[in-house]
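Asker: how does the following fold in three dimensions:
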Amino acid sequence: MPESFTSVHSFHIPVMGLGFTVDSPLKVAKFGISSVVSIMDDHLLEEMRRLYSRKLAVPYIPIDDKMEDYRAKRITAYLNLLHDEVIRQIEAIKSQDFETGKDIEQYFELLPNSHPSKKMYHQMLQSQGNEKRELQALLKRSVLPGNIDVNIMTKVDKINFDNEGNELPREYSDALSALRGFANSKVNGSVVFSAGMNPALFSYAEQFADFFPDANGKIKKGIILKVSDYRSALIQGRFLAKKGLWVSEFRIESGLNCGGHAFATDGLLIGPILEEFKTNRDTLTQTLWTSCQQVLQEKGMPEMPAGLKPKITYQGGIGNARENQFLMEYYELDGTGWGSPFLLVPEATSVDEDTLQRLINARKSDFYLSHASPLGIPFNNLRNSSGEDQRKARIAKNRPGSPCYKKFLTFSTEFSDKAICTASREYQNLKIKKFEAGETTKRELDEVLAKDCLCEGLSAPAILNAGGTPKRNLNAVTICPGPNLAYFKGIFSLKEMVDHIYGKINLNLDPERPHVFIKELQLYVQHLKVEIEKTIPEKTAKYESYIEKFKKNLQDGIQYYQELSEQISLDTEEILDKMKVQLEGIKEEIQGLVPQLT
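Answerer: Residues are numbered from 1 along each chain as shown. This is a model prediction of the structure:
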């Protein structure tokens, strides 16, 4: 793999909301930990650049919205700030003596015990004289930063207009501008495309040389696809490969056992999905490599290095080192993602103090799948967040909905040709009038009133945490933790969380926490119940087929887990025995859940 995509650690911190990981590289990259920054909100990035420029005493020249291509330029400027500061941090670490409390000590202490540099570090600690100095010099040369990766949610791709109201060319849409901002930056990380295929966006990547091999076969900027199953990976990977674009990593995420937006599969469970990737990995690699190579040859461009393979990683609901190790070893993964637990690690993410306390005080029932997203996609939410308090207070004051300033999610043309956001005050007032006229149901209205302004709510915590004040005093925070966070309680240091991931220590999690496989299965059964209970005037053949397919996939998944648990040791005997009982119980529940549809 190209050097810039190698990982010091076997885990990464995925993107969380707009703001929770927006400055994570400044906190963890110096320790070799990779993290993902959302680059969808250029307003937030510009404000964070202003705040950090002041903190770091570097020049700050504002990029206002009257400048041509301001969105892409803001993104480039912020990413360049991250890049420059991380490089400075790494150089500072390399200049430090190995003393207690220094970052260089923390760097090596955080490494897994199996890492070659960790073994050398322990050898250095026990050495004397010239040997010690030589080992210290070797260790310093081995220090590498974690990747600064970025996330583009492919569905957030609004077409934009100039100040006179004229539609701008396609490359000025939100997603394409974001990609351009990343491509023009100094960062040597990867772009994570999430939420499915966007042909215009994927094709636009072809315009930038950094996504192709250079004369030495190195790719400066990688492409990571966040996918929910093998079929999706193959379709999207082929689309990119036919343009000569290599996918450096397939980042598999649980459809429901994750934070943020939840893209449920048709009942396909993560165990069978990972098994399919494991079985077809060589075929996937060869298919994409051959296609890429052919296109590069036709274009007369430098070719792909021999033996290049995309990484395969998984994220979603992992809770302890045993689960992490099993997933890594059995499914032959290159890494895992740990998201929501890091919301409780102030050294790694940006969560304001008020929201941090709300997370700690939350009950399990406060973590739920909501209708909050204006995209119409189920959204993991927290019932006791300040964002939810604000949403309910507005309804109580007979002023539902939010003021809409950033307009990233303006997609509804239900009431006019000009698209508006379903979380906006304008849309919700129009929907209420429609309900009062008897033109929509109470259930439909309630789902609309559940919409929240994610643009403001997901960006506010980063500004608050950095010591700033969100514009217009929109301080309410929306947070999108995965269900797994309900089992973590307390505030943790970076070392505590990393040591927990690697099994050096065990954080005291809720003893009721089910195995990652069981939890996802439970979430899918809940999802199936909701699908069945939906008010559908006529149960169409398509609907019946969907329910039956969903049910069969769950049953096949249960059988897979039952067979797997008989063949290998998934976990401790205690956990394994509990899983077997739970699988049988859920199997019976599913059988009784779906009556014969007629």
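Asker: from Asp23, how far out is Pro461?
Answerer: Relative to Asp23, Pro461 is positioned 11 Å away (Cβ to Cβ, to the nearest Å). C-beta coordinates here come from the backbone N, C-alpha and C atoms, glycine included.
Asker: for the two, indicate the residue with more neighbours.
Answerer: Per other Cβ atoms under 10 Å, whichever of Pro461 and Asp23 has more neighbours is Pro461, with 31 against 24.
Asker: which strands or helices does the strand or helix carrying the more buried one pack on?
Answerer: Following DSSP states H and E, the helix or strand that holds Pro461 is helix 460-465. In this structure, helix 460-465 makes packing contacts with helix 42-56, judged by 3 or more Cβ pairs under 8 Å, 6 or more residues apart in numbering; DSSP states H and E.
Asker: enumerate every residue touching the residue of the chain positioned farthest from its centre.
Answerer: With distances taken as Cα atoms, centre = their mean, the residue sitting farthest from the centre of the chain turns out to be Gly129, at 46.3 Å. Counting by Cβ atoms under 8 Å, 6 or more residues apart in numbering, Gly129 touches no other residue.
Asker: identify each buried residue in the helix holding Pro461, please.
Answerer: Ala460, Pro461, Ala462, Ile463, Leu464, Asn465 (16 or more other Cβ atoms under 10 Å).
Asker: and what of stretch 400-414?
Answerer: Buried-residue list, stretch 400-414, by 16+ other Cβ under 10 Å: Pro400, Gly401, Ser402, Cys404, Lys406, Phe408, Leu409, Thr410, Phe411, Ser412.
Asker: repeat that for stretch 245-262.
Answerer: Neighbour count says stretch 245-262 has 245-262 buried, by 16+ other Cβ under 10 Å.
Asker: could you list the low-confidence segments of the stretch 51-200 of the chain?
Answerer: Applying pLDDT under 70 to the stretch 51-200 of the chain flags no residue at all.
Asker: for it, just list every one of the helices.
Answerer: 70-94, 103-110, 116-125, 129-142, 174-183, 199-204 (DSSP state H, counting those that start in this stretch).
Asker: and Ser416, what pLDDT?
Answerer: Looking at Ser416, its pLDDT reads 89.
Asker: and for Val594?
Answerer: Model confidence at Val594 (pLDDT) stands at 61.
Asker: got it, and the one 3 residues further on?
Answerer: As summarised for this prediction, Leu597 has a pLDDT of 45.
Asker: was I right about Met197 contacting Leu234?
Answerer: No. At 11.5 Å, Met197 does not count as touching Leu234 under the criterion of Cβ atoms under 8 Å.
Asker: about what we covered before: how about the buried residues of stretch 400-414, which pair is most distant?
Answerer: Pro400 and Phe408 (20.1 Å; Cβ to Cβ).
Asker: now Asp354. Nearest residue, chain neighbours left out?
Answerer: Of all residues not flanking Asp354 in the chain, Ser386 sits nearest, at 6.3 Å (Cβ to Cβ, 6 or more residues apart in numbering).
Asker: what's the answer for Thr478, then?
Answerer: Nearest to Thr478 is Gly457, by Cβ to Cβ, 6+ apart, at 2.8 Å.
Asker: for the one you found, grab the count of nearby residues.
Answerer: 29.
Asker: picking that back up, how about the buried residues of helix 460-465, which pair is most distant?
Answerer: Ala460 and Asn465 (9.3 Å).
Asker: which neighbours do the two share?
Answerer: Asp352.
Asker: check which residues of the longest helix along the chain are buried.
Answerer: Determined from DSSP state H, the single longest helix within the chain is helix 270-299. Going by neighbour count (16+ other Cβ under 10 Å), the buried part of helix 270-299 is 270-277, 281, 284-285, 288-289, 291-293, 295-296.
Asker: all strands for the stretch 251-400 of the chain, in order.
Answerer: 311-315, 335-337, 367-370, 379-382 (DSSP state E, counting those that start in this stretch).
Asker: may I see these organised as JSON lines, with distance to Tyr107 and mean neighbour count added?
Answerer: Formatted as JSON lines, the strands of the stretch 251-400 of the chain follow (distance: least, Cβ to Cβ, whole Å; neighbours: other Cβ atoms under 10 Å):
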{"stretch": "strand 311-315", "distance to Tyr107": "22", "mean neighbour count": "22"}
{"stretch": "strand 335-337", "distance to Tyr107": "19", "mean neighbour count": "22"}
{"stretch": "strand 367-370", "distance to Tyr107": "34", "mean neighbour count": "18"}
{"stretch": "strand 379-382", "distance to Tyr107": "33", "mean neighbour count": "24"}
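Asker: closest to Val498 out of the ones you listed?
Answerer: Going by Cβ to Cβ, the one of the strands of the stretch 251-400 of the chain nearest Val498 is strand 335-337, 12.6 Å.
Asker: how's the protein carved up into domains?
Answerer: Taking automatic domain parsing as the reference, the chain has its domains at 1-207, 363-478, 514-598.
Asker: distance to Pro302 for the ones you listed - can I get that in CSV?
Answerer: What follows is the domains of the chain, written out as CSV (distance: least, Cβ to Cβ, whole Å):
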stretch, distance to Pro302
domain 1-207, 12
domain 363-478, 37
domain 514-598, 41
